[in-house]
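Novice: Got a sequence here, can you model it:
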Amino acid sequence: MGKKLKITGWVAAGAVAGVLTTVSLQTVARGSLAPLPLEELQQLAAVFGMVKSDYVEPVDEKKLISDAISGMVAGLDPHSQYFDKKSFKEFREGTTGRFVGVGIEISQEDGLIKVVSPIEGSPAFRAGLKPNDLITKIDDTAVRGLSLNEAVKRMRGEVNTKVLLTIFRKDESRTFPVTITREEIRTQSVRGKMIEPGYGWIRLSQFQERTVDDFVKKIDELYKEDPNLKGLVLDLRNDPGGLLDAAVAVSSAFLPENVTVVTTDGQLAESKSVYKAAPEFYQRRSGSDPLRSLPAALKTVPLVVLVNEGSASASEIVAGALQDHKRGVIMGSQTFGKGSVQTVRPLGPDTGLKITTARYYTPSGTSIQAKGIVPNVLVDESAEGSPFAALRMREADLEKHLASGQGPEVKDPEREKARDEARKRLEEEAKKPPQDRKTPEFGTDKDFPLVQAINRLKGQPVLVSKTQVIVENKEEKKEN
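Specialist: Numbering: from 1, shown residues only. Here you go, the predicted model:
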């Protein structure tokens, strides 16, 4: 398996637009092609010729061909995609955790861009930007009316170029300009701390190239702070996925050696694989085992894994493996359900094709695709419940999504009713002042699911979900 990974490149996992996908990058040429439908290809050529000669104004030939490829691939499923030069570059940046920009985590607030946190050591950090700062302009463009993605694109650019941000700092009631020189930024996908003596919390926001090393470093820090750790919370909420080898490594950190972590199955022989909790399945090329320094106690420390509807693909692989091997208690909400593998094949030096080639399965053989992981203990987002959970898009809601491959899909007749009720609640919520609408930050004492996870580790009562009802979890609910 280790040799196979060296040949095919790298493997990754994730969810949907703005979220990563389970990907195996392959540079090996295809051995043979299926017979081509000549009549249909002649029609395609005829349409190309008509558009080129008859359209109201001249069209770019390369764009026509690129759009034709994009349309063909997009018709397969939500995760297959043709990468042109720009999108291929952005995709690779997403999996490496590196990009060129100013180095801030952002969100939207009242139509403006809010600084959630400057990345430590980044140009924005050195320029003195602070959490809760509001960006009102990017160069000469007013931020109000821009989407979050549009704002991100304007702040990114080439190394050593400058961007002028106009900042409104609410607590100082002043507006001021900041000129920042863009640099290559490395995002931080791992956070962690001791919640209280004996109980640690480690959060993975994405599975990137550096995630395993950062995970090991953070675990070592927690054990140095408290060598007698009584319990650990692994937080995978809103983790959209990322690199599959990173997911296998994180799973292996908690599991017995050589047990199955995940399997994949598809039409091609190379799509039929078994990934186990052993170094040859996750270490990079000729490198050493990145988990070698982890304390032995991590294999047995009581573990709770937090998930929600935003946990997808690689994070579902980890949750599914730990659940099937009964290594930890999964708590939260049913996950996204992204259980398909995409292979990225280069079409040239800077373009490529991402195409779905397999489904992946938990160690027990259960398909995650369009289903997700059902927690052992269902927990709401707050003490009042999860009023907006029904509005969240999941894999099964996506048009042209791949079926699970394990029986027909069952539609929930109550789903639309719940969505209508959630929309009404959201409209009411939007009328409240901004300070009354803030969601508690993960890892704080107001993080309700985290509090319940710590209660579980301590053997104390857990406030199980008021809004989620799944038959399989009735026994677990009675226990708590």
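
Novice: Quick check, pLDDT for the residue sitting nearest the centre point of the chain.
Specialist: Centroid-nearest residue in the chain: Pro240, 1.3 Å away (criterion: C-alpha atoms, centre = their mean). Pro240 carries a pLDDT value of 85.

Novice: Was I right to think it contacts Ser313?
Specialist: Yes. Between Pro240 and Ser313 a contact is recorded at 7.0 Å, counting by C-beta atoms under 8 Å. (Each C-beta comes from the backbone N, C-alpha and C, glycine too.)

Novice: which stretches of the stretch 101-250 of the chain have low pLDDT?
Specialist: Regions of the stretch 101-250 of the chain meeting the criterion pLDDT under 70 cover residues 120.

Novice: can you give me the strands for it?
Specialist: 104-109, 112-118, 134-138, 141-142, 162-169, 174-181, 183-186, 190-196, 199-204, 231-235, 242-243 (DSSP state E, counting those that start in this stretch).

Novice: quick one: which of these is nearest Lys86?
Specialist: strand 183-186 (17.6 Å; C-beta to C-beta).

Novice: what comes up buried for the closest one?
Specialist: Under the neighbour-count criterion of 16 or more other C-beta atoms under 10 Å, strand 183-186 has 183, 185-186 buried.

Novice: just stretch 135-153 next, same as before
Specialist: 135-138, 143, 146, 151-152.

Novice: Can you get me the start-to-end distance on it?
Specialist: One end of stretch 135-153 to the other measures 14 Å (C-alpha to C-alpha, to the nearest Å).

Novice: got the contact list for it?
Specialist: 18, 101, 106-108, 111-115, 154-155, 163-168, 175 (C-beta atoms under 8 Å, 6 or more residues apart in numbering).

Novice: Surely Ile195 is in contact with Asn455?
Specialist: No. Applying C-beta under 8 Å, one finds Ile195 not in contact with Asn455, separated by 11.3 Å.

Novice: deepest of the strands of the stretch 101-250 of the chain, which one?
Specialist: Mean neighbours per residue, mean count of other C-beta atoms under 10 Å, is largest over these for strand 242-243, with a mean of 30.

Novice: State the number of residues packed around Phe448.
Specialist: Neighbourhood size, Phe448 [other C-beta atoms under 10 Å]: 16.

Novice: pretty sure it contacts Gly332?
Specialist: No. Assessed by C-beta under 8 Å, Phe448 is found out of contact with Gly332, at 10.6 Å.

Novice: re the thing from before, for Ser122, state which of the buried residues of strand 183-186 is nearest.
Specialist: Ser122 lies nearest to Ile185 out of the buried residues of strand 183-186, by C-beta to C-beta, at 5.6 Å.

Novice: Give me the phi and psi for the residue nearest to the closest one when sequence neighbours are not counted.
Specialist: With sequence-adjacent residues excluded and distances taken as C-beta to C-beta, 6 or more residues apart in numbering, Ile185 is closest to Gly103, at 4.5 Å. The phi/psi pair for Gly103 (degrees, to the nearest 10) reads phi 90, psi 50.

Novice: rewinding a little: can I get the buried residues of strand 183-186 in a markdown table including distance to Val274?
Specialist: Shown next, in a markdown table, are the buried residues of strand 183-186 (distance: C-beta to C-beta, whole Å):
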| residue | distance to Val274 |
| --- | --- |
| Glu183 | 41 |
| Ile185 | 36 |
| Arg186 | 32 |
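
Novice: mind listing what Ala278 touches?
Specialist: Contact partners of Ala278, counting by C-beta under 8 Å, 6+ apart, are 252, 257-258.

Novice: Mind checking which of those residues land in helices?
Specialist: Ser252 (DSSP state H).

Novice: Now the buried members of the contacts of Ala278.
Specialist: Ser252.

Novice: quick one: which of the contacts of Ala278 is nearest Pro349?
Specialist: Ser252 (34.9 Å).

Novice: how about that closest one, what does it touch?
Specialist: Neighbours of Ser252 in contact, by C-beta under 8 Å, 6+ apart: 261, 277-278, 281-282, 291.

Novice: and with 6 Å instead?
Specialist: Ala277 (C-beta atoms under 6 Å, 6 or more residues apart in numbering).

Novice: Output the buried residues of stretch 135-153 in JSON lines; the columns should cover distance to Gly339.
Specialist: Listed next are the buried residues of stretch 135-153 as JSON lines, based on distance: C-beta to C-beta, whole Å:
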{"residue": "Ile135", "distance to Gly339": "37"}
{"residue": "Thr136", "distance to Gly339": "42"}
{"residue": "Lys137", "distance to Gly339": "42"}
{"residue": "Ile138", "distance to Gly339": "38"}
{"residue": "Val143", "distance to Gly339": "37"}
{"residue": "Leu146", "distance to Gly339": "34"}
{"residue": "Ala151", "distance to Gly339": "32"}
{"residue": "Val152", "distance to Gly339": "28"}
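
Novice: so which of those residues comes closest to Val73?
Specialist: Comparing the buried residues of stretch 135-153 against Val73 with C-beta to C-beta picks out Val152 as the nearest, at 24.6 Å.

Novice: Now do the strands in the stretch 301-450 of the chain.
Specialist: So, for the stretch 301-450 of the chain - with DSSP E, counting those that start in this stretch - the strands run 303-307, 329-332, 340-346, 352-361, 377-378.

Novice: Please identify the deepest-packed of those.
Specialist: Most buried of the strands of the stretch 301-450 of the chain, by mean neighbour count (mean count of other C-beta under 10 Å): strand 303-307, with a mean of 27.

Novice: Tell me the helices and strands packed up against that one.
Specialist: strand 231-235, helix 314-324, strand 329-332, helix 448-458 (3 or more C-beta pairs under 6 Å, 6 or more residues apart in numbering; DSSP states H and E).

Novice: Nearest spatial neighbour of Leu398, chain-adjacent residues omitted?
Specialist: Pro78 (4.4 Å).

Novice: Glu395 is in contact with that neighbour, correct?
Specialist: No. Using C-beta atoms under 6 Å, Pro78 is not in contact with Glu395; the gap is 8.1 Å.

Novice: list residues touching both of those two?
Specialist: His401.

Novice: out of those two, which sits in the more crowded spot?
Specialist: The neighbour count for Pro78 versus Glu395, taken as other C-beta under 10 Å, is higher for Glu395 (26 against 20).

Novice: Isn't the more buried one up against Gly339?
Specialist: No. At 7.6 Å, Glu395 does not count as touching Gly339 under the criterion of C-beta under 6 Å.

Novice: Name the nearest residue to Met331, ignoring sequence neighbours.
Specialist: Val377 (4.6 Å).

Novice: likewise Ile355?
Specialist: Per C-beta to C-beta, 6+ apart, closest to Ile355 is Ser80, 4.8 Å.

Novice: Can you report how many residues lie near that neighbour?
Specialist: 21.

Novice: thought it was touching Ala74?
Specialist: No. In terms of C-beta under 6 Å, Ser80 does not count as a neighbour of Ala74; the distance is 7.1 Å.

Novice: Look up how far Lys224 lies from Arg88.
Specialist: Arg isn't right for residue 88; it's Phe. 41 Å (C-beta to C-beta, to the nearest Å).
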